[in-house]
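K.L.:
just coords:
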DNA sequence: CCTTCTATTGAGCGAACGATCAATAAGGGC
DNA sequence: GCCCTTATTGATCGTTCGCTCAATAGAAGG
């Protein structure tokens, strides 16, 4: 109430004062598209902060609207969260990543480096990381499906390229082993952990996380091909019991 | 109700049939110590599964007791969660870790390896990992304080030992730089990520995570000392603006 | 066997949850 | 300037939350 009346002090704003769409215009009678977009963006920020158990009333309060209005745009809270998944994860997946890791003009390690630098910059984001782990905690399959995409669309082609560069059997002849994926997931995890420490664990660590990750790649990549060769050649006992 | 009456079928158990304390005896009239212990252990398992927003009624139902009984042993839900922190994190901290990383009879890399093998085995636990990230999401300072302990009590002495082994300046003369800690946090994060993928993200990945982590250490440790030397010598510009 | 102590329960409080619906008011077309 | 459409609100439903308290029941001591 009080909040709304305070906003109402700018009464002569009825004809949209200055900014037309940029200043979110928390006032009334937005177009359905603008309102829906405002709700989605606010929901991303809100649920990232407080977790997916956040309350619709508090979300509405932060948006400067009433709670029933949320249910005009999303029939249930679950449907709003589903929309958040699309917004934060599916829409932010860059098909260029899949092209990069298949770019035969580059050495495999350089493809991996470029993918990770760009990928980590994308996901080292308050909402991305926090909603990701929050969804995992609630048992939703989004995190496992998403990491399955990384594994299948990014790491598998990378490993295939590394096999080729090292004159090792093609994945068609000898399937990619779990140990090979773990090699990439290890480096990947070290990079993700930099963001987790800051965004989830609340450590006020290094300011320039990009530089930290670049240094980690510099330390980890040089030995990767040799280790990969060792893993592939020492373990054709892939087909377990 | 139904559940309780089913349990009640073992009526002649009034004189405590066989197991005295081991079989949890979800029935009635436990000693306060036994009941409190049962509640804490059940709360750890329950809140690990559903997150710290779990409900006291559901916890009580799983324990086979009524909800008001919880509040006889813990005045508020928050106090119960505080007790969980003590139980899972403070009580599971092994002082031997601090001794291991200071054991001058071992090379630094071997100290680091032994610490990580043992530490990761301890924390790769459903409750440990999930409550840790759940606490981080809720903004509690437990994760940052805990990682601060790892940094100060484990990584700092390790880095001091690495400085000594490489004939580099003592931390007293040249303070440990953030980049040096990041070196260790990088490997550490890669190992933690193995558990997170399984326990939080729900990936049904590798069965033998211990072996995966051992392989990661084998890949990462050999180059660590050289990288550390490079970091220390190339960056005496520690005191930034 | 009866009394005493207290672990445990059943009933219930106020508040807040997700969700619903009729009433209201803002803006565009005429 | 009026009307009509509909974005938005106020009031409210049934449920469930953390939490309280008087009543109940199970074990121990005499």
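P.N.:
Thanks, I have it. No experiment lies behind these values; they were computed from the predicted model shown.

K.L.:
need the helices for chain A, in chain order.
P.N.:
Using DSSP state H, the helices of chain A run over residues A:2-7, A:32-50, A:56-63, A:67-73, A:77-85, A:95-100, A:108-123, A:126-137, A:142-149, A:156-165, A:178-199, A:209-220, A:224-234.

K.L.:
could these go into JSON lines alongside mean pLDDT, distance to residue B:195 and mean neighbour count?
P.N.:
Any C-beta I mention is one placed from the backbone N, CA and C, and that applies to glycine too. Conversion of these to JSON lines gives the following (pLDDT from 0 to 100; distance: least, Cβ to Cβ, whole Å; neighbours: other Cβ atoms under 10 Å in any protein chain shown):
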{"stretch": "helix A:2-7", "mean pLDDT": "33", "distance to residue B:195": "44", "mean neighbour count": "10"}
{"stretch": "helix A:32-50", "mean pLDDT": "97", "distance to residue B:195": "23", "mean neighbour count": "17"}
{"stretch": "helix A:56-63", "mean pLDDT": "98", "distance to residue B:195": "32", "mean neighbour count": "16"}
{"stretch": "helix A:67-73", "mean pLDDT": "98", "distance to residue B:195": "37", "mean neighbour count": "14"}
{"stretch": "helix A:77-85", "mean pLDDT": "98", "distance to residue B:195": "24", "mean neighbour count": "16"}
{"stretch": "helix A:95-100", "mean pLDDT": "98", "distance to residue B:195": "26", "mean neighbour count": "14"}
{"stretch": "helix A:108-123", "mean pLDDT": "98", "distance to residue B:195": "19", "mean neighbour count": "19"}
{"stretch": "helix A:126-137", "mean pLDDT": "97", "distance to residue B:195": "12", "mean neighbour count": "23"}
{"stretch": "helix A:142-149", "mean pLDDT": "96", "distance to residue B:195": "14", "mean neighbour count": "18"}
{"stretch": "helix A:156-165", "mean pLDDT": "98", "distance to residue B:195": "23", "mean neighbour count": "19"}
{"stretch": "helix A:178-199", "mean pLDDT": "97", "distance to residue B:195": "10", "mean neighbour count": "23"}
{"stretch": "helix A:209-220", "mean pLDDT": "96", "distance to residue B:195": "19", "mean neighbour count": "20"}
{"stretch": "helix A:224-234", "mean pLDDT": "95", "distance to residue B:195": "21", "mean neighbour count": "16"}
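
K.L.:
Chain B is nearest to which of those?
P.N.:
Each of these was checked against chain B via Cβ to the nearest Cβ, and the shortest separation belongs to helix A:178-199, namely 2.6 Å.

K.L.:
domain assignment for chain A?
P.N.:
As assigned by automatic domain parsing, chain A contains the domains A:28-91, A:92-234.

K.L.:
if we can go back for a sec, out of the helices of chain A, which is closest to residue B:171?
P.N.:
Judged by Cβ to Cβ, the one of the helices of chain A that comes nearest to residue B:171 is helix A:209-220, at 20.0 Å.

K.L.:
name the helices or strands packed onto that closest one?
P.N.:
Using 3 or more Cβ pairs under 8 Å, 6 or more residues apart in numbering or on different chains; DSSP states H and E as the contact definition, the elements that helix A:209-220 packs against are helix A:108-123, helix A:178-199, helix B:178-199, helix B:224-234.

K.L.:
any idea how far residue A:105 is from the nearest residue to residue A:209 once chain neighbours are set aside?
P.N.:
Leaving out its chain neighbours, the residue that sits closest to residue A:209 by Cβ to Cβ, 6 or more residues apart in numbering or on different chains is residue A:194, at 5.2 Å. Separation of residue A:194 from residue A:105 (Cβ to Cβ, to the nearest Å): 29 Å.

K.L.:
Hmm, residue A:143 is touching residue A:131, no?
P.N.:
No. In this structure, residue A:143 sits apart from residue A:131 without contact. The criterion is Cβ atoms under 8 Å, and the distance is 9.8 Å.

K.L.:
any idea how far DNA strand C is from the residue nearest to residue A:209?
P.N.:
Residue A:194 sits 32 Å away from DNA strand C when distances are taken as Cβ to the nearest atom of the strand, to the nearest Å.

K.L.:
ok, now residue A:57?
P.N.:
From residue A:57 over to DNA strand C (counting by Cβ to the nearest atom of the strand), the distance is 4 Å.

K.L.:
now swap in residue A:157 and tell me
P.N.:
Shown here: residue A:157 relative to DNA strand C, a distance of 41 Å by Cβ to the nearest atom of the strand.

K.L.:
Tell me who's in contact with the closest residue to residue A:83 other than its chain neighbours.
P.N.:
Computed as Cβ to Cβ, 6+ apart, the closest residue to residue A:83 that is not its neighbour in sequence is residue A:40, at 5.9 Å. Contacts for residue A:40 (Cβ atoms under 8 Å, 6 or more residues apart in numbering or on different chains) come out as A:80, A:83-84, A:87.

K.L.:
now, among those residues, which is nearest to residue B:154?
P.N.:
Distance from residue B:154 was checked for each of these by Cβ to Cβ. The minimum falls on residue A:84, at 37.3 Å.

K.L.:
list the contacts for the closest one?
P.N.:
Residue A:84 makes contact with A:40, A:43-44, A:47, A:131, according to Cβ under 8 Å, 6+ apart.

K.L.:
Next: residue A:176.
P.N.:
Contact criterion Cβ under 8 Å, 6+ apart gives A:156, A:159-160 as the residues in contact with residue A:176.

K.L.:
Adding distance to residue A:113, write the residues you listed out as CSV.
P.N.:
Shown next, in CSV, are the contacts of residue A:176 (distance: Cβ to Cβ, whole Å):
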residue, distance to residue A:113
A:156, 18
A:159, 15
A:160, 17
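
K.L.:
My guess is residue A:109 contacts residue A:223. True?
P.N.:
No. Look at residue A:109 against residue A:223 with Cβ under 8 Å: they stay out of range, at 10.2 Å.

K.L.:
Counting neighbours, what do you get for residue A:86?
P.N.:
Here the count is done by other Cβ atoms under 10 Å in any protein chain shown, and residue A:86 has 11 residues near it.
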